[in-house]
Every structure is written in C-alpha cells, then in structure tokens.
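Participant: Could you look at this predicted model? Sequence included:
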Amino acid sequence: MQDNLERQLVDAAAAGDIESFGELCGRYYGPMVAIAYSVLSDHQLAEDAAQESFARALVNVTRLKNRARFAPWLAAICRNVARDMVAVKARRIDAADIAQAAPQSGQDENGMLIRRAIERLPAAARESIVLRYYNNMSYEEIASVSGISRAAVNGRLARAKRKMAKYLKRNGFPESRL
C-alpha cells in the first residue's frame, strides 16, 4: 500500500503537482540529510545538499523512467551533490579551516575516535552506519533508500561494525565500550 501511494505521488509530481513533490520531500528529507552527512560530516552542509538534491530532483522527475525507484534515484542525486560539495570545499581550504578542525580542549576523545572510524569506512558502509545509528532508520528503510536488499544492508552494517571495532581497538578505544 505504501509503495502504491509513493508511486502515485511520484506520478503526480512528474505531471507537475508541486504538493505531491512536497509530500515526497517530507518523506525523504531526513534520510537525504543523513546520506549527505555521511559524505560531508557537517550537518549544515548536509541540509544544504539535501535541499539542492530536492531541487535537482524536481527539475528532473519527468526523466525518471522507473518511478518505483524514486528513493534510490533521489539518494544517488544526493550523494553526487554531497561529493560535489566536498570537491568545492577541498579547493577552498585555508588556514582558518585547519585551525577550526584541530581538536578543542575538553572534546570527547572517544567521540572523535568513533567519528574517525566512521570516516575511514567505504562510502556505502559509512552511509549505512549514519542512516542506521544517527538517523535511526530500520533495515527496511535503509534498503528502500539505498536500493538494495535487507540482507545486503545487514551484511554491509556487520562488515562496517567489524572494521570500526578493529580501528577503535588499534587506537586505544576502551575495550569495555566496544
């Protein structure tokens, strides 16, 4: 039933119904921010990337051939927007950015280690971790947004957690917290 309603919303949006597209935006805003965050590691930039993704999707929704795959299509747009933002940011890095990125006194060392472990994961694994543990999405929701099976989500998360655990152990994360 849910998939049928979504398909109707996508069809209506492709026909020019802005309210239907707005409903789709409401459904997928959180997951798109999470996907962008998994690439950008900055919540404000992730929100900007999600909004840009919706703008691009609105312009191109009529070109979407398989309307049942709206969520994975939108997620791909969001990943590309976020990657473009990373490339632009890399070209503009300056001394102020480097100073701001330095650890501040009193920051949680364990939190920093966890963020570094996540950043070292392959993009797909990093995205799944952020969607699951920072956006509280179910395996089914992650599968839908990512365009993969629930079993693939399970495997991806299991591998990501093993890699993170190895990295954290090597870098002095307390064993009792693993």
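Facilitator: Thanks, I have it.
Participant: rest of the way, CA atoms for contacts and neighbours
Facilitator: Noted.
Participant: For Arg162, the count of nearby residues, please.
Facilitator: 11 (other C-alpha atoms under 10 Å).
Participant: so what's it up against?
Facilitator: Contacts here follow C-alpha atoms under 8 Å, 6 or more residues apart in numbering; on that basis Arg162 touches nothing.
Participant: In three-state terms, label it for me.
Facilitator: Classification of Arg162 using DSSP: H, G, I helix; E, B strand; the rest coil returns helix.
Participant: how much space between it and Asn135?
Facilitator: The gap separating Arg162 from Asn135 is 20 Å, by C-alpha to C-alpha, to the nearest Å.
Participant: Follow the chain on from the lowest-mean-pLDDT helix or strand in the chain and name the next helix or strand.
Facilitator: Sorted by mean pLDDT, DSSP states H and E, the helices and strands of the chain end with helix 95-101, the least confident at a mean of 43. For helix 95-101, the following helix or strand on the C-terminal side (DSSP states H and E) is helix 109-119.
Participant: Neighbours of the spatially closest residue to Leu24 that is not a sequence neighbour, how many?
Facilitator: Nearest residue to Leu24, sequence neighbours excluded (C-alpha to C-alpha, 6 or more residues apart in numbering): Leu9, at 7.0 Å. Residues near Leu9, counting by other C-alpha under 10 Å, number 21.
Participant: Check Val153 and give its pLDDT.
Facilitator: Looking at Val153, its pLDDT is 94.
Participant: so who does it touch?
Facilitator: Here Val153 is in contact with Ser128, Tyr139, Ile142, Ala143 (criterion: C-alpha under 8 Å, 6+ apart).
Participant: ok, now with 10 Å
Facilitator: By C-alpha atoms under 10 Å, 6 or more residues apart in numbering, the residues touching Val153 are 124-125, 128-129, 132, 138-144, 146-147, 159.
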